[in-house]
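>>> build me a model from this:
(chains A and B)
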Amino acid sequence: MLYSEKVMDHFTNPRNVGTMENADGVGEVGNAKCGDIMKIFLKINDDVIEDVKFSTFGCGSAIASSSMATEMIKGKPLSQALELTNKAVVEALDGLPPHKIHCSVLAEEAVKAAIKDYYDKNGIAYDESLFPQEHDCEHCGE
Amino acid sequence: MIYADNAATTALSKTALEAMLPFLRENYGNPSSLHTAGQEAATALFNARKDIADCIGADVKEIYFTSGGSEADNQALLTAAELGERKGKKHIVSDKVEHHAVLHTLKKLEKRGFEVTLLDVDGEGSVNPEDVRAAIRPDTALVTIMTANNEIGTIMPVKEIAAVCKENGVLFHTDAVQAVGHIPINVGELGCDMLSLAAHKFHGPKGVGALYVRKGLTPSILIEGGAQERGRRGGTENIPATVGMAAALREATARLEENSERLTKMRDRLIEGLSEIPHSILNGAAEKRLPGNVNMCFEGIEGESLLLLLDIKGICGSSGSACTSGSLDPSHVLLAIGRPHEVAHGSLRLTLSEYNTEEDVETIIKTVPEVVDYLRRISPVWQDLQEGKRKYVIQ
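Here you go, the predicted model:
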């Protein structure tokens, strides 16, 4: 089997899938040309992620990574959500095949992009270094 | 389970299996041995070679067994390259939708100093024989164009291309791995110098194929080691496999017309049914197409997730999708016929064989739209398309 049972579970029964009206923060990363786009919507109250939704265009591991990432940040303070790493997502999924690791990277980036969007919208100051530039896609240069 | 991935590989036919069994059990002789056991094996090998030759209109001495289609392609290209090198001809003409067994071998030959012209294909994935004519140069050693495409099923005008090659005195090889046993192939009528075939694409065993090499041409050696295959491929012959290949090809050839007619109907019904999905498009030619091949793109979704969900629902298909092959690039074939990257990612290939039923087709027609719809509902690309933030590529 290409994927772990955890990955297949999150792929076939994704948690928090959907969109959100009036989200406090929205992050979208990836591009269709490469075959992966993740979009994360956050509802934030008192610096805590009250609700989170995602929509993903991509392979099984991309959908599973976004599902897992949303589950890991739901109900957490922003400071904790910002500590989410792609490695933690991979571990929580009981591993990803080597050529699918980029899916977990996208999940981490999508979460950070959504938080950054929230900070930007609300004029909240933040440490730029917490939000690394989205990695370049080596395949299409976008 | 509905197996609809027959371009990847097929089930071994009962006839082929039964033909093979004695050679896996009691008749285990080595055809190079002089004793009775060996000579029985040698006879079986000769008969298998003769049957395969008969099925494609070749002479028994023109069939060289290989480990499969990829080896046959490698050997064909190397044969022409070595001949060319001797005459100072170091140019090869091919096209952008060939199998990687051809494309990667061409890359290797480029490193060896060959110049390769990869022709564009039209929107249906076909090569224009006039483009071949225009590409041929005085130093062209070989033209290699597949008989039918493995991904999109388009049947190429290989007879016309062979004629162009003959007029210009250039060798012509065709990778007929997807075609043999599915559409009529006669090397004489076709006019090719070399042709590759693989047993497991027509219900024969895996690990065996053949290269047809026209009389007067001597294939290059990939595997040194003995007098097997007229000294052109060392190694004790795989008798069960060659016998199974011959049995499968005899059967496929005998049933070709009947199978082709039935599969073409099933294919067209499947295409019709799946075309009902909004923003979907058929890849490849509608008419000049392998009988069992369906390949479609669905906008707004990605192929691997589609395949996995279909698999869970008991349907085995394939996609040119990047993700399945471990690279991030979508199918080179879909890009060559002009599908943009984002659409090429959402492809589905379903390939039928005579073992599929009309009921299978109806189940697929019912299941695929459900899965496509589900994936579109969770796709941000689809949301953008629906909201007009992104323009549809497929109308």
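>>> and for residue B:298, the neighbour number?
Residue B:298 sits with 27 neighbouring residues when counted by other CB atoms under 10 Å in any protein chain shown. (C-beta placed from N, C-alpha, C; glycine too.)
>>> distance check, it against residue B:111.
As for residue B:298, its distance to residue B:111 is 39 Å (criterion: CB to CB, to the nearest Å).
>>> could you do residue B:217 as well?
Distance from residue B:217 to residue B:111, counting by CB to CB: 24 Å.
>>> between those two, who's got more neighbours?
For the pair residue B:217 and residue B:111, the greater number of neighbours falls to residue B:217 (14 against 7), based on other CB under 10 Å.
>>> helix, strand, or coil at that one?
Using DSSP: H, G, I helix; E, B strand; the rest coil as the criterion, the local structure at residue B:217 reads coil.
>>> from memory residue B:277 sits against residue B:371, does it?
No. Assessed by CB atoms under 8 Å, residue B:277 is found out of contact with residue B:371, at 10.1 Å.
>>> looking at the two, which one has more neighbours?
Set side by side, residue B:277 and residue B:371 show more neighbours around residue B:371, with 21 against 17, by other CB under 10 Å.
>>> the chain: strands as residue ranges?
This is for chain A. For chain A, applying DSSP state E gives strands covering A:25-31, A:36-45, A:48-57.
>>> please go with chain B instead
Taking DSSP E as the criterion, chain B carries its strands at B:2-3, B:63-66, B:91-95, B:115-119, B:140-144, B:171-175, B:194-198, B:209-213, B:280-282, B:293-298, B:315-316, B:347-351.
>>> partners of the first one in the sheet?
Next to strand B:2-3 in the sheet, as set by DSSP bridges, lie strand B:315-316 (parallel).
>>> quick one: mean pLDDT over the strand it pairs with.
Mean pLDDT, computed over strand B:315-316, is 98.
>>> give me the contacts around it.
In this structure, residues lying in contact with strand B:315-316 by CB atoms under 8 Å, 6 or more residues apart in numbering or on different chains are B:1-5, B:310, B:363-364, B:367-368.
>>> cool, and stretch B:274-283?
Contacts to stretch B:274-283, defined as CB under 8 Å, 6+ apart, come from residues B:125, B:151-152, B:271, B:294-300, B:333-334, B:337, B:339, B:343, B:347, B:364-365, B:368-369, B:372, B:385, B:392, B:394-395.
>>> roughly how far apart are the residue most central in space within chain A and chain B?
For chain A, the residue nearest the mean C-alpha position is residue A:107 (2.9 Å; CA atoms, centre = their mean). As judged by CB to the nearest CB, to the nearest Å, residue A:107 and chain B stand 14 Å apart.
>>> from what I see, that residue and residue A:90 are in contact.
No. Under the criterion of CB under 8 Å, residue A:107 is not in contact with residue A:90, lying 9.4 Å apart.
>>> pull the contacting residues for the residue nearest to the centre of chain A.
Applying CB under 8 Å, 6+ apart to residue A:107 gives the contacts A:38, A:62, A:65-66, A:68-69, A:86, A:89.
>>> same deal with residue B:72?
Counting by CB under 8 Å, 6+ apart, residue B:72 touches B:66, B:175, B:177, B:196-198, B:209-211.
>>> what's the burial count for residue 76?
Unless you meant another one, I'm taking chain A. A count of nearby residues for residue A:76, using other CB under 10 Å, gives 15.
>>> looking at chain B here, not the other one
Other residues within reach of residue B:76 by the criterion other CB under 10 Å amount to 32.
>>> do residue B:15 as well
Count around residue B:15 with other CB under 10 Å applied: 17.
>>> which residues touch it?
The neighbours of residue B:15, taking CB under 8 Å, 6+ apart as the test, are B:247-248, B:251.
>>> low-confidence stretches in chain A?
Scanning chain A for pLDDT under 70 picks out A:133-142.
>>> so the top helix by length along chain A versus strand A:25-31, what angle?
When chain A is scanned for its longest helix (criterion: DSSP state H), the result is helix A:101-121. With axes from the mean of the first three to the mean of the last three CA atoms, to 10 degrees as the criterion, the two stretches helix A:101-121 and strand A:25-31 enclose an angle of 140 degrees.
>>> next, the buried residues of helix A:101-121.
Of the residues in helix A:101-121, A:101-119 count as buried by neighbour count, 16 or more other CB atoms under 10 Å in any protein chain shown.
>>> for stretch B:262-278, same thing?
With burial defined by 16+ other CB under 10 Å, the residues of stretch B:262-278 counted as buried are B:262-264, B:266-271, B:273-274, B:277.
>>> average pLDDT for that stretch?
Here the mean pLDDT over stretch B:262-278 is 98, rounded to a whole number.
>>> centre of the chain to that stretch, how far?
Using CA atoms, centre = their mean, to the nearest Å, the distance from the centre of stretch B:262-278 to the centre of the chain it belongs to is 21 Å.
>>> on that earlier part again, so can I have TSV of the contacts of residue A:107 showing distance to residue B:358 and neighbour count?
Output for the contacts of residue A:107, formatted as TSV (distance: CB to CB, whole Å; neighbours: other CB atoms under 10 Å in any protein chain shown):
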residue	distance to residue B:358	neighbour count
A:38	40	28
A:62	36	28
A:65	40	35
A:66	39	33
A:68	41	27
A:69	44	31
A:86	47	20
A:89	45	26
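>>> how close does the most centrally placed residue in chain B sit to residue B:152?
Within chain B, the residue whose C-alpha comes closest to the C-alpha centroid is residue B:178; the distance, by CA atoms, centre = their mean, is 3.3 Å. Using CB to CB, one gets 10 Å for the distance from residue B:178 to residue B:152.
>>> show me the shaky parts of chain B.
For chain B, the stretches flagged by pLDDT under 70 are B:320-328.
>>> hmm, who's touching stretch A:71-84?
When contacts are taken as CB under 8 Å, 6+ apart, the neighbours of stretch A:71-84 outside the stretch itself are A:15-16, A:44, A:47-52, A:69, A:88-89, A:92, A:108, A:111-112, A:115, A:118, A:130.
>>> where does chain A come near chain B, residue by residue?
With CB under 8 Å from any CB of the partner chain as the criterion, chain A comes near chain B at residues A:8, A:11-12, A:14, A:17-19, A:28, A:31-39, A:55-63, A:97, A:99-100, A:102, A:137, A:139-140.
>>> if you set the cut-off to 6 Å instead, what comes out?
Taking CB under 6 Å from any CB of the partner chain as the criterion, the neighbours of chain B within chain A are A:17, A:32-35, A:37, A:39, A:55, A:57-60, A:63, A:99, A:139.
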